[in-house]
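Visitor: below is the sequence, then the predicted model.
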Amino acid sequence: MNIYEVAERAGVSIATVSRVINRSAKVSSATRAKVEKVLEEMEYTPSAVARSLATNATRLVGILCADNRDPAFAESIFYAEQTLAAEGYDCLMGNATGDLKQKDYYIKGLLERKADGVLMFGASFEDEGEQNLLRLAAKRMPVVMVASSTKAKEVYQVTSKEDMAVASIVKGLALSGHKHFAYLYDATSPSARIKLNGFERGLEESGLGGANGAAVRVAKGFHGGFTGARWLIDHGLFFTALLTSEDALAAGALKALIQSGRRVPDDVCVFGHNNSELCLCTEPSLSSVDNRMEELARLGVRTLQSAMNSSKKPLQVAQIPAKIVQRDSSVPFDVE
């Protein structure tokens, strides 16, 4: 059975059958339904290889994530996959969280399959080998990084201004009387460095020296935040405001502070980052930076679609403002 037989039985042209198979919008709903009914009756399965040769597109998109277990990325990945699937794209997903070998495996696999593009959520490509891998990919297909950044100018980047939000929190708390700050972070990726830069800039713009702010790298997750806060306390570092690079760190730190007899927010204000549902699961509820992952995911998908399909290319670097969400773990303050 072939496309000619389908066209004959449906009473349409071969071109019309091809448009239906390739999910073209240039077919009326009535004609589409008639052709699809014949395709189903004849149990016709189009060849993906033949279709890609005919259209010069595989309708395959890669979705790579730093860690798809992370709640901050999970919903965004779900949205991206659902949106692309509705547009007729198949998605190949993977975790680009390991070393160059693992990243090379996914990128080269997408190139071998002649993918039309790739979305990367929070993925970090830092050293020269990783940068070269990104450049190689970007020469062959559009590459869009969401909630991450790179020095590779060929790559599209979609981020929120998280550093400005962190700096605003420090300055807002400083104006409320806080002079001693601590910051816990769990990575040195570009995104993590941007957040840390915001913390340091906030201290500087508030007229507070380095002695007024301690930044400590800790293990990931709740346990990392708990042990990090315990380390600060056990080493006698005085602070009345604690900021973190992730909500899970803030939740762990909150428990350590309460166990040590600190009152939150009376003795110590605590801020997380990502504004995940975890913020509503603690007592008191966590203040946080909302990096607006849902909006970033939407913008990332639109950017990729534009880069794949439009003659007018999208912005190479696009940014949206982050939001400061104040809850019970911090005293209220005015936001710039």
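Guide: Perfect, thanks for sending it. Numbers count the residues shown, from 1 in each chain.

Visitor: surely Ser206 touches Ala174?
Guide: Yes. Counting by C-beta atoms under 8 Å, Ala174 is a contact partner of Ser206 at 3.8 Å. In this view, the C-beta of every residue, glycine as well, is placed from N, C-alpha and C.

Visitor: what about the chain, any weak spots by pLDDT?
Guide: Within the chain, the segments meeting pLDDT under 70 span 1-2, 22-25, 44-57, 336.

Visitor: which segments of it make up each domain?
Guide: Listed domain ranges for the chain are 3-54, 58-160+293-320, 162-291 (source: automatic domain parsing).

Visitor: can you give me the end-to-end span of the last one?
Guide: When you say that, I think you mean domain 162-291. One end of domain 162-291 to the other measures 6 Å (C-alpha to C-alpha, to the nearest Å).

Visitor: how far off centre is that domain?
Guide: Mean-position distance between domain 162-291 and its chain equals 21 Å (C-alpha atoms, centre = their mean, to the nearest Å).

Visitor: and Glu40, how many neighbours?
Guide: Neighbourhood size, Glu40 [other C-beta atoms under 10 Å]: 9.

Visitor: element containing it, please.
Guide: helix 29-41 (DSSP states H and E).

Visitor: which other residues reach that helix?
Guide: Val6, Arg9, Ala10, Gly11, Val12, Thr16, Val17, Val20, Ile21, Val27, Tyr44 (C-beta atoms under 8 Å, 6 or more residues apart in numbering).

Visitor: which helix or which strand is home to the closest residue to His180 other than its chain neighbours?
Guide: The shortest distance from His180 to any non-neighbouring residue, by C-beta to C-beta, 6 or more residues apart in numbering, is to Phe239 (4.6 Å). According to DSSP H and E, Phe239 maps onto no helix or strand at all.

Visitor: and Phe239, how many neighbours does it have?
Guide: By the measure other C-beta under 10 Å, the count of residues near Phe239 is 22.

Visitor: what residues does it make contact with?
Guide: His180, Phe181, Ala182, Ala214, Leu232, Val268.

Visitor: just those residues: which are in strands?
Guide: Among these, the ones falling in strands (DSSP state E) are Phe181, Ala182, Ala214.

Visitor: run through the residues that contact the residue lying closest to the last one once chain neighbours are set aside.
Guide: Which is Ala214. Residue nearest to Ala214 in three dimensions, not counting chain neighbours: Ala182, with 4.8 Å by C-beta to C-beta, 6+ apart. Applying C-beta under 8 Å, 6+ apart, we find Ala182 in contact with Gly213, Ala214, Ala215, Val216, Leu232, Leu237, Phe239, Ala241, Leu242, Leu243.

Visitor: and the residue nearest to Gly117 when sequence neighbours are not counted, how many residues sit next to it?
Guide: Excluding its sequence neighbours, the residue lying closest to Gly117 (C-beta to C-beta, 6+ apart) is Pro142, at 4.2 Å. Using other C-beta under 10 Å, the number of residues around Pro142 comes to 24.

Visitor: check contacts around Pro142.
Guide: Pro142 is in contact with Asp116, Gly117, Val118, Tyr156, Leu304, Ala307, Met308, counting by C-beta under 8 Å, 6+ apart.

Visitor: was I right about Gln319 contacting Ser160?
Guide: Yes. In this structure, Gln319 is within contact of Ser160 by C-beta under 8 Å, at 6.6 Å.

Visitor: more neighbours, these two?
Guide: Higher neighbour count among Gln319 and Ser160: Ser160, with 25 against 16, using other C-beta under 10 Å.
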